[in-house]
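Novice: kindly return the folded structure for what I paste below:
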Amino acid sequence: MNYLTIPLLINEEIETINSNFKNHNALWEDGKRTAGSHASKVKNNLQLNRNSELSKKCAELIKIKILANQLIKSFALPKLIHGIMFTKSKKNMGYGRHVDNPFMSSGRSDLSFTISLSHKDSYEGGELLIETINSENKFKLDAGEIIIYPSTYLHSVEDIQSGERIVCVGWIESYVKSIEEREYLFDLDAGAKGLLAKHGRSDELDLIFKSYSNILRLLGN
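Specialist: Numbers count the residues shown, from 1 in each chain. You can find the predicted model right below:
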């Protein structure tokens, strides 16, 4: 499974974040300021000043929520969550086709994530398009949902036709670089936990958990 899409933030958290954003309009700036040389040519959005106290406070909440989610931890094996920013796109704004930088000042990008802070019916357009070798997948998240996907994929955000799209984006440096190896570990962990829930602890299951831990120790960096 290369993508993970699940609810992350509760309504109260979303409302608090958006209320604070509305009260600090002066903190929004041109998103090109943090884009790489290629991405800056296709990036057209607004970004909350990353050095502001509001941005730092909200980013810390996002980190806490991600690290507290057991499914995300199993899927992504996060070593470092970094580069968190908040972006706003209005009519005719979007983000053209690009791939994220492999190494940033804040860390290595193994996985990218987007968290929607807007209800999906409050704007038209703005779908996240992720390209793989054989397919193109469009995603339009509801408020509070997160999608996590490999940073190696080309992706884009379609132009907004009406309304306003606010999201949080960021990156995960994983203990395991390889997409395939993370998938194997995720399946093994999910299967073992499923057996534990259904049948309880057993000597055989202890061996599976032992193997999972030792494989992670072998592959991790």
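
Novice: every contact and neighbour count from this point should use C-alpha atoms.
Specialist: OK.

Novice: give me the contacts around the top helix by length along the chain.
Specialist: The residue-count maximum for a helix in the chain (DSSP state H) belongs to helix 179-199. For helix 179-199, the external contacting residues (C-alpha atoms under 8 Å, 6 or more residues apart in numbering) are 1-2, 74-77, 150, 176, 205, 208-209, 212, 216, 219.

Novice: again, only this time at 10 Å
Specialist: Contact partners of helix 179-199, identified using C-alpha atoms under 10 Å, 6 or more residues apart in numbering, comprise 1-2, 71-77, 110-111, 149-152, 174-176, 200-202, 205-206, 208-209, 211-213, 215-216, 219-220.

Novice: just these: which are in strands?
Specialist: Using DSSP state E, the members of these that fall in strands are 111, 149-150, 174.

Novice: among these, which pair sits farthest apart?
Specialist: Pairwise distances across the ones in strands among the contacts of helix 179-199 (C-alpha to C-alpha) peak at 12.0 Å, for the pair Y149 and S174.

Novice: overlap in contacts of those two?
Specialist: Common contacts of Y149 and S174, defined by C-alpha under 10 Å, 6+ apart, comprise 76, 110-111.

Novice: what about R165, distance to V176?
Specialist: Distance from R165 to V176, counting by C-alpha to C-alpha, to the nearest Å: 32 Å.

Novice: sorry, back to before: any quick ChimeraX command for the buried ones out of the contacts of helix 179-199?
Specialist: Only the buried members of the contacts of helix 179-199 end up in this ChimeraX selection, burial being decided by 16 or more other C-alpha atoms under 10 Å:
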select :72,74,75,76,77,110,111,149,150,151,152,174,175,176,205,208,212,216,220
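
Novice: in the chain, where is pLDDT below threshold?
Specialist: For the chain, the stretches flagged by pLDDT under 70 are 1, 35-39.

Novice: break it down into its domains, please.
Specialist: Here the domain assignment for the chain is 4-174, 179-219, based on automatic domain parsing.

Novice: please report phi then psi for G83.
Specialist: The phi/psi pair for G83 (degrees, to the nearest 10) reads phi 70, psi 20.

Novice: what is the neighbour count of it?
Specialist: Number of residues near G83 (other C-alpha atoms under 10 Å) recorded here: 18.

Novice: measure it to S213 for me?
Specialist: Per C-alpha to C-alpha, G83 is found 28 Å from S213.
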